[in-house]
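**Q** What follows is a predicted protein model with its sequence.
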Amino acid sequence: MSVMVKRIVKLTFQEEFVPDFMVIFEESKDKIRAFDGNLHLELLRDLAQPNVLFTLSFWEDESALEGYRQSELFKATWAKTKALFAEKPDAWTVEVVGV
């Protein structure tokens, strides 16, 4: 049985590169949302540290997420994004266990 998963990625950018990432996100968000198996995508910002952002995405299941992670879209977007980091990103793939 497949289980919807949620992916949370913490992205800590060099402060001067936050605007560059915002451009990358704007150029990529509709393509990611249209990717097979994607159910939701949003970008969040830490109130205390404006150079710390989070992507929150919902996927039909782990295989849909993995399909995206192996795609040319992900590889191209990630190559541009990782050059802007101040710290190594953190990522979690989670499932809802209670509401």
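**A** Perfect, thanks for sending it. Nothing here was measured: the structure is a model prediction, and the numbers come from that model.
**Q** Please name the residues that touch residue 25.
**A** Residues near residue 25 by CB atoms under 8 Å, 6 or more residues apart in numbering: residue 43. For the C-beta atoms, the positions are set from N, CA and C on the backbone; glycine is no exception.
**Q** State the helix or strand in which it lies.
**A** Residue 25 belongs to helix 18-33 when assigned by DSSP states H and E.
**Q** gap between stretch 40-50 and the chain center?
**A** 11 Å (CA atoms, centre = their mean, to the nearest Å).
**Q** What lies in contact with that stretch?
**A** Contacts of stretch 40-50 (CB under 8 Å, 6+ apart): 12, 15, 18, 25, 29, 32-33, 52-58.
**Q** how does it look with 6 Å?
**A** Residues from elsewhere that reach stretch 40-50, judged by CB atoms under 6 Å, 6 or more residues apart in numbering: 25, 32-33, 52-58.
**Q** Would you point out the most distant pair within the residues you listed?
**A** 33 and 52 (22.6 Å; CB to CB).
**Q** more crowded one of the two?
**A** residue 52 (17 against 13; other CB atoms under 10 Å).
**Q** what's around the closest residue in space to that one that isn't next to it in sequence, how many residues?
**A** Nearest residue to residue 52, sequence neighbours excluded (CB to CB, 6 or more residues apart in numbering): residue 46, at 4.0 Å. As a burial measure, residue 46 scores 12 neighbours (other CB under 10 Å).
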